[in-house]
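Participant: need a structure here:
(2 chains, ligands or ions: 2)
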Amino acid sequence: MSESLIVPTMAEMLAQGKQPEVLFWVGCAGSFDDRAKKITKAFVRILNRANVSFAVLGTEESCTGDPAKRAGNEFLFQMQAMMNIEVLNAYEAKKIVTACPHCFNTLKNEYPELGGKYEVVHHTEFLKSLLDDGRLTIEGGQFKGKRITFHDPCYLGRANNVYEAPRDLILKLDAELVEMKRSKANGLCCGAGGAQMFKDAEPGNKEINIERTEDALETKPEIIAAGCPFCNTMMTDGIKNKEKEADVKVMDIAELIANAQDL
Amino acid sequence: MDYLDNILFAILLGIGFGYFYSNVKKIIRNINLGGTIDRKDNAKQRWKNMAMIALGQSKMVKRPIAGSLHIVVYLGFIIINIELLEIIIDGLFGTHRIFAFLGSAYDVLIASFEILALLVLVAVFAFWIRRNIIKLKRFSSTDLNGSPKKDANYILYFEVVLMTLFLLMNASDLHLQNIPGGFSHFIKAGSFPISQFIEPLFNGMSNELVMLLTEIFWWLHITGILIFMNYLYFSKHLHIILAFPNTFFANLNPQGQFDNLESVTKEVKMMMDPNADPFAAVPVNETEAPIKFGASDVLDLNWVQLLNAYTCTECGRCTSSCPANITGKKLSPRKIMMDTRDRLEEVGRNIDANKGIFVPDNKSLLNDYITPEELWACTSCNACVEECPVSISPLSIIIDMRRYLVMEQSAAPMPINAMMSNIENNGAPWQYNQQDRLNWKNE
Ligand code: SF4
Ligand code: SF4
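Facilitator: Ligands and ions are numbered 1, 2, ... in the order given. Coordinates of the predicted model:
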């Protein structure tokens, strides 16, 4: 694993009079959650390998306000949004890429009305475009022939109709993509959205992530691929609950690609 | 000539349509109790959606069995209503089979009505079995206990009666048409692929009796249709009309995009403006009612949400795909819609009883109908919105009610409060310092 990641900040770029091709919005999970930090780093390794000029906001980044908005706190959401928009606009950000579907949805759909208009792409879409443009090549490597199932994050799939980019990437690994009975527009939530990540579930007879993990396990996968740090946590917990950690791994698409490249 | 029949018929029509009209007016008034929301943009896409989803039933067929059965009943309903035009003209002017001059086209028309009537009977039978014998989960959940369950079955019985009367009417008519030398005004017209098999039923009866029966079938049929039409108002079957405006006015934005409350934007801008004078900033406007954030009652919802409530067909596709409901939580998006309609009806009755104004009744949609527990179980996953065959969004009501709970009542669950204060203080939902945001780089 390469130890030295090149991660310029927007402030450093500005000091050098440079404007990066794309701003990488890391998100709270990607910045602080131990599991999600690995996804962040995997993605950066790919960006470094493909020589993409990018920068992060670093300490100037703040929560997009997504969990506050879904919980109903429009005040807090809009305060966060306006602060972030001020920063983004000061750097004249044009294109933003993020590995979190919640940040993606909020930045893409809810910021424009408040004065933040950017081209926002999810990291799976961005990786796909790097491949299409020939800036990145991948070979299946260790994933060749592996059974991989993809869990559609609600805020990427149903919320924004991104279904194909992550699947295209999995297929590029020469892996065997197996679909769950509930997938794409009919996918089942991992249970984390709508601020559920931050509270206990209401009384019921099962946790949602267990139900979803069962969907995934039915496909007898070797890997459950995810495209969202929260889905990743929920599915990982589900796998632990089913005592399947030894046989089934939960990985982000960025990690799959970085690992295939031995990055 | 004796015009009594025609006059009676005109009166019957007048009552039927008059009552219908008064109820339609009531629905429109109730829907207009909702707040404003702009849904007039992009008319082209809206017409397209209506054509595809309401007329073309594109979302129904996602569940192929229910979808194809539904299409049969739906086509039968529409086409047999063309027959209604002839019935009305015949009834008003004392004519008989006025469209018979169309000749072979008329034969084709009547024949296809008959075949559809039979198919409808078959489909209705299958629907009844699904509901009452197989007891599909989404039709046996507790949301539907009581009148909604009966309502669904009444509609099926109605269809059976109407279709049977239609076929009996044709069969007896055919019997009279076939009398050698002709009988009264029963000219030879139409082709009867189905009712020809019922026709022998009338063999052996006197011509006058058969004629009387024809009249009775005819009257019962039209009366049944009028009753059916007026029953709609009290039924989930209102969707056969409202599905059209509802799909037209449906949300066109990405499903993940929630609206930004404008009233909040104003206040936040004021708060964040370093030049704003904190004392001058509060506009004193006593005539203006204080803004309420979010929704605790139906009057706080917008008119599209209220239209949604009247349009809901109670099919439960939303609930059967809701992750919270699947895992046994109390939340059922169908119930959210049914509750909203029930409460709106209650408010409407209150207004009717109080000469046009709503007199507070110490009740509200929140708590009296929908509990916070239901609202907090939602993951905002949009599965319900995706599933709804008539483009209803239960989620938008859930979020508006959460907004009320959080912004007006500060009644969020404790961990949610903690998450929010973390965002406020640290710029992240967890207790980490914003200055540590880039630590991952060197770890
Ligand atoms: S958005 Fe909420 S109500 Fe709708 S299906 Fe998802 S969890 Fe259920
Ligand atoms: S909201 Fe839509 S899906 Fe749910 S019961 Fe009503 S019509 Fe069916």
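
Participant: contacts, neighbours, all on C-alpha from now
Facilitator: Fine.

Participant: residues contacting the residue of the stretch 1-150 of chain A found nearest ligand 1?
Facilitator: Closest approach of the stretch 1-150 of chain A to ligand 1 (CA to the nearest ligand atom) occurs at A:Arg70, with a separation of 10.5 Å. The contact partners of A:Arg70, taken as CA atoms under 8 Å, 6 or more residues apart in numbering or on different chains, are A:Gly194, A:Ala195, B:Ser380, B:Ile399.

Participant: for the closest residue to B:Cys318 other than its chain neighbours, grab phi and psi.
Facilitator: In space, B:Cys318 comes closest to B:Cys384 once its chain neighbours are excluded; the distance is 4.0 Å by CA to CA, 6 or more residues apart in numbering or on different chains. Main-chain torsions, B:Cys384, degrees, to the nearest 10: phi -60, psi -40.

Participant: confidence score at B:Cys384?
Facilitator: Confidence at B:Cys384, expressed as pLDDT, is 98.

Participant: wait, isn't it in contact with B:Cys322?
Facilitator: Yes. At 6.1 Å, B:Cys384 and B:Cys322 qualify as touching, with contact defined as CA atoms under 8 Å.

Participant: overlap of the contact sets of these two?
Facilitator: Residues touching both B:Cys384 and B:Cys322 (CA under 8 Å, 6+ apart) are B:Pro333.

Participant: now, the contacts of A:Arg70 that are in helices?
Facilitator: Among the contacts of A:Arg70, the members found in helices (DSSP state H) are B:Ile399.

Participant: quick one, which of the contacts of A:Arg70 are buried?
Facilitator: A:Gly194, A:Ala195, B:Ser380, B:Ile399 (16 or more other CA atoms under 10 Å in any protein chain shown).

Participant: now the two most distant members of these.
Facilitator: A:Ala195 and B:Ile399 (11.6 Å; CA to CA).

Participant: ok, A:Leu76 touching B:Asn425?
Facilitator: No. Counting by CA under 8 Å, A:Leu76 does not reach B:Asn425; the two are 10.9 Å apart.

Participant: okay, now the unreliable bits of the chain?
Facilitator: No chain specified, so I'll use chain A. A:1-3, A:140 (pLDDT under 70).

Participant: ah, no, chain B please
Facilitator: B:1-2, B:276-290.

Participant: so which of the buried ones among the contacts of A:Arg70 reach ligand 1?
Facilitator: Among the buried ones among the contacts of A:Arg70, the ones lying near ligand 1 by CA under 6 Å from any ligand atom are B:Ser380.

Participant: three-state assignment of A:Gln19?
Facilitator: coil (DSSP: H, G, I helix; E, B strand; the rest coil).

Participant: surely it and A:Ala11 touch.
Facilitator: No. Assessed by CA under 8 Å, A:Gln19 is found out of contact with A:Ala11, at 10.1 Å.

Participant: which ones are touching the residue of the stretch 51-200 of chain A found nearest ligand 2?
Facilitator: Closest to ligand 2 within the stretch 51-200 of chain A is A:Asn186: 13.3 Å, counting by CA to the nearest ligand atom. Applying CA under 8 Å, 6+ apart to A:Asn186 gives the contacts B:Ala383, B:Glu386.
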